[in-house]
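>>> no FASTA, just this:
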């Protein structure tokens with residue numbers, strides 16, 4: 001019996017499977033697999049059958065955890081949002097009480113993220129792909145992007161920047177622009193100057 005068949009059987013008959021992947025709860029397998037496939041093929045480019053098969057489960061199990069594909073899409077984007085939120089906790093933990101150092105570290109961490117997200121920002125990609133469809137994920141994406149920008153503005157203010165709102169907008173535009181540039185022109189394009197451009201912007205507001 002194949003690993004996929006074994007996994008599917010264990011989920012319907014409660015048999016215990018010995019494979020390491022099978023010990024990961026089906027919901028977690030589905031979400032992580034869907035995230036990868038959406039990133040590779042686009043949200044509309046992959047169906048629930050393919051997601052279930054790649055997650056070593058079946059469509060019945062997928063729909064037991066998620067009422068619809070749209071609900072699964074929202075969950076993958078919520079997980080992506082949580083990862084972005086973790087950056088702020090890391091900044092505060094690394095530089096407690098030092099907003100200037102946190103802002104500089106934000107630039108460095110975002111520069112590293114650019115190199116680690118060859119497919120771009122999951123939330124931004126979803127916003128573009130689902131535009132005009134009235135998808136429930138849109139509200140989540142808008143809220144996430146607004147919260148990220150507002151937290152950056154608060155950090156700019158705490159760091160003593162002049163016009164912290166404008167600086168936050170500038171840094172946000174540099175980040176989003178660098179992501180698009182990397183997708184369109186590759187890692188060796190102008191996105192490679194992201195950190196330098198951010199630091200020049202910060203210096204101009206201090």
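Right, received. Where do you want to start? As the structure is a computational prediction, the values presented were derived from the model and not from experiment.
>>> Tell me the secondary structure of residue 44, please.
The three-state label given to residue 44 by DSSP: H, G, I helix; E, B strand; the rest coil is coil.
>>> Identify the residue spatially nearest to it, adjacent ones excluded.
For residue 44, the nearest residue in space outside its immediate sequence neighbours is residue 129; the separation is 6.4 Å by C-beta to C-beta, 6 or more residues apart in numbering. C-beta: built from backbone N, CA, C; applies to glycine.
>>> What pLDDT is listed against the one you found?
For residue 129, the model assigns a pLDDT of 90.
>>> Would you confirm that it contacts residue 41?
No - using C-beta atoms under 8 Å, residue 129 is not in contact with residue 41; the gap is 10.8 Å.
>>> From residue 63, how far out is the residue nearest to the spatial centre of the chain?
The C-alpha lying nearest the average C-alpha coordinate of the chain belongs to residue 80 (C-alpha atoms, centre = their mean; 3.3 Å). Using C-beta to C-beta, to the nearest Å, we find residue 80 at a distance of 22 Å from residue 63.
>>> One more: residue 155?
When distances are taken as C-beta to C-beta, residue 155 and residue 63 turn out to be 42 Å apart.
>>> Then residue 133?
Spatial separation of residue 133 from residue 63 under the definition C-beta to C-beta is 21 Å.
>>> who has more neighbours, those two?
The neighbour comparison of residue 133 against residue 63 (other C-beta atoms under 10 Å) goes to residue 63, with 15 against 12.
>>> neighbour count winner among residue 129 and residue 41?
The residue with the greater number of neighbours, taking residue 129 and residue 41 and applying other C-beta under 10 Å, is residue 129; the counts read 16 against 12.
>>> Contacts only, for the more buried one.
Applying C-beta atoms under 8 Å, 6 or more residues apart in numbering, we find residue 129 in contact with 42, 43, 44.
>>> Residue 72: what's its closest spatial neighbour, skipping adjacent residues?
Once flanking residues are discounted, residue 72 sits nearest to residue 66: 4.2 Å by C-beta to C-beta, 6+ apart.
>>> these two touch, right, that neighbour and residue 30?
Yes - the pair formed by residue 66 and residue 30 meets the contact definition of C-beta under 8 Å, at 7.2 Å.
>>> Neighbour count for the two, which is higher?
In terms of neighbours (other C-beta under 10 Å), residue 30 is the more surrounded of residue 66 and residue 30; the figures are 26 against 21.
>>> element containing the more buried one?
Per DSSP states H and E, residue 30 falls inside helix 26-41.
>>> And that helix, what does it pack against?
helix 48-54, helix 59-65, helix 69-94, helix 122-129 (3 or more C-beta pairs under 8 Å, 6 or more residues apart in numbering; DSSP states H and E).
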